[in-house]
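Visitor: Output the structure for:
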Amino acid sequence: MSKSLWEPDFERVRKVVLREGEPDRVPFFELFHDAEIMVAVMGRPAPADPDAYRQWRLEFFTKLHYDYMNAYHTVSFPDVPTLVSEDTEVEQSRGKRGWEDEHNGPIGSWDDFERYTWPTVSDANFADIEACANILPDGMKVTVTLPGGVLENLIRLIGFEPLCYALIEQPDLVQAVVDKIGETELRMYEVLCQFDHVGLVWLNDDLGFKTQTMIGPNYLRQYVFPWHQRLVAYAHEHGKPVVLHACGNLREVYEDLIEFCRFDAKHSFEDVIQPVAEFKRQYGDRIAAMGGIDVGALARLDETQLRQYVRQVIEATAPGGGYALGSGNTLANYIPVGNFLAMLDEGRKVGVYS
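Guide: Alright, predicted model coming up:
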C-alpha cells in the first residue's frame, strides 16, 4: 500500500466535498473532537502554551491521518445564558457540562436590541488561524467554523421559547436580530476566506431535532436561508467550499439547502432520523455526505459490533466518492476512545479505492 495514502492531502477532502469522483481513499472528517478524546489519544495533557498547544493538535491530526486540522478564532455572541450540571459518568469526564437556557436570552425587546453589544470582526483574534500557516505540512490545510449559525444564534439571543412567541408577535424584531447575526457572520467570512491555507469553511447551524425543524420551514425560508445563501455565495466567490453542519430532521428543507442555499456538503446524521447511506442515495448526486457513523453506535456498541457497522456504512456510501468517514456529529467525550480508533481503523482497511 502506498505511503502517500496516509500523508496529508487536502485535495482528497476537496474532491469529496465537491463530488469530483473517487479520491485515492475515503478521507476522515469531523466537526471537532472533544478535548478529552484528544488527550486520551495523545496520552498526555494539552499544553497551556498556545504555540505548544497548536503543535499538539497538529500531531493529533497527523497521527490519525486527517488531511486537515481545525483552527480557531475567538468571536462569539456575548451574554448568552447557560445551564450547568454534572457531566455524565464516562471514561473521559469533564466534570461539568453546560447547555443553553431555552427559556431566556439577552434580547427580548427593542430596548434590549439597542443595548446589546454586538460582536465585530475587530473584536476577534485570528492568531491561531494565522499561526497554523507556519506549521502545516505540505498538502495539509485547516478548516474553520463560524461562531454558531444564524438560527443557533437567533435562539441563543432571544431564547427558544420566547422566539416561538416573537415569530408571531414581534417579526420585525426577529428580522432585525437575524440581520445583525448575518452581517456579523458575513464579516467573519470576509476574513476567513482570505487565508490561503483555509481549505473549507463550515456553516455550523443546527436546524432541527429528531422529528422536525426547530422552527417551521416557512420561518427558515423567511429568516435563515436567505443569509445561508448569501454566506455560501460569498465563500464560493472566494474559492472556499462550504460544509453545512446541521443536526435534526431536515427532510422538509433539503431542497432549500441544496438548490437555494447551494451547500457543497452536509454533515451531522443520526440513524434514527436518516442513515447517511440513505441520504447519499437520495441526494448524493447534488450534495456530498460527510461523517454519519451514528454517535449512539460509537458510544454503545462493543468494538466487534462497531467495526461491522462502520464497514457496512463505508461499503454503502464510498462508491463514486462524495463521502468522508467520521462520526454523525462530533467526537464527544462519552465515546470510548477505543471505538473512535476502531472506526478510523476500519476506514484504513476498507476505505481505499482500488
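Visitor: Which residues are in contact with residue 11?
Guide: Residues near residue 11 by CB atoms under 8 Å, 6 or more residues apart in numbering: 23, 139. (Each C-beta comes from the backbone N, C-alpha and C, glycine too.)
Visitor: same deal with residue 245?
Guide: 31, 145, 202, 203, 204, 205, 206, 267, 268.
Visitor: And it, how far from residue 289?
Guide: According to CB to CB, to the nearest Å, residue 245 stands 13 Å off from residue 289.
Visitor: do residue 259 as well
Guide: On the measure of CB to CB, residue 259 and residue 289 end up 17 Å apart.
Visitor: which one of the two has more residues nearby?
Guide: Shown here are residue 259 and residue 289; by other CB atoms under 10 Å, residue 289 has more neighbours (24 against 10).
Visitor: Specify the beta-bridge partners of the more buried one.
Guide: Using DSSP bridges, the bridge partners assigned to residue 289 are residue 266, residue 323.
Visitor: Not counting sequence-adjacent ones, nearest residue to residue 155?
Guide: Distance criterion CB to CB, 6 or more residues apart in numbering; nearest residue to residue 155, sequence neighbours excluded, is residue 163 at 5.9 Å.
Visitor: all helices in the stretch 1-150 of the chain, in order from the N-terminus.
Guide: For the stretch 1-150 of the chain, applying DSSP state H, counting those that start in this stretch gives helices covering 10-17, 35-42, 50-63, 110-115, 127-132, 150-158.
Visitor: quick one: buried residues of the fifth one?
Guide: Spelled out, it's helix 127-132. Judged by neighbour count (16 or more other CB atoms under 10 Å), helix 127-132 contains these buried residues: 128, 129, 132.
Visitor: What mean pLDDT does that helix get?
Guide: For helix 127-132, mean pLDDT rounds to 98.
Visitor: List the contacts of it.
Guide: The contact list for helix 127-132 (CB under 8 Å, 6+ apart) reads 50-51, 54, 58, 69, 71-73, 142, 144, 192, 195, 197-198.
Visitor: how far away is residue 342 from residue 148?
Guide: Distance from residue 342 to residue 148, by CB to CB: 31 Å.
Visitor: Ok, residue 131 next?
Guide: Taking CB to CB, one finds residue 131 at 24 Å from residue 148.
Visitor: Could I get the contacting residues of residue 6?
Guide: Per CB under 8 Å, 6+ apart, neighbours of residue 6: 65, 348.
Visitor: go again using 10 Å as the cut-off
Guide: Going by CB atoms under 10 Å, 6 or more residues apart in numbering, residue 6 touches 25, 62, 64, 65, 348.
Visitor: Which helix or which strand is home to residue 189?
Guide: Residue 189 is part of helix 171-192 when elements are defined by DSSP states H and E.
Visitor: Just the CA atoms of whichever helix or strand comes after that helix, as PDB, please.
Guide: Moving toward the C-terminus from helix 171-192, the next helix or strand (DSSP H and E) is strand 198-204. The C-alpha atoms that make up strand 198-204 are tabulated as PDB, following Å, rounded to 0.1, in the frame of the first residue of the first chain:
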ATOM      1  CA  VAL A 198      -8.200  27.600   4.900                       C
ATOM      2  CA  GLY A 199      -9.300  24.700   2.800                       C
ATOM      3  CA  LEU A 200     -13.000  24.900   3.500                       C
ATOM      4  CA  VAL A 201     -15.400  26.800   5.800                       C
ATOM      5  CA  TRP A 202     -18.200  25.400   7.900                       C
ATOM      6  CA  LEU A 203     -21.600  26.900   8.300                       C
ATOM      7  CA  ASN A 204     -22.400  25.300  11.600                       C
END
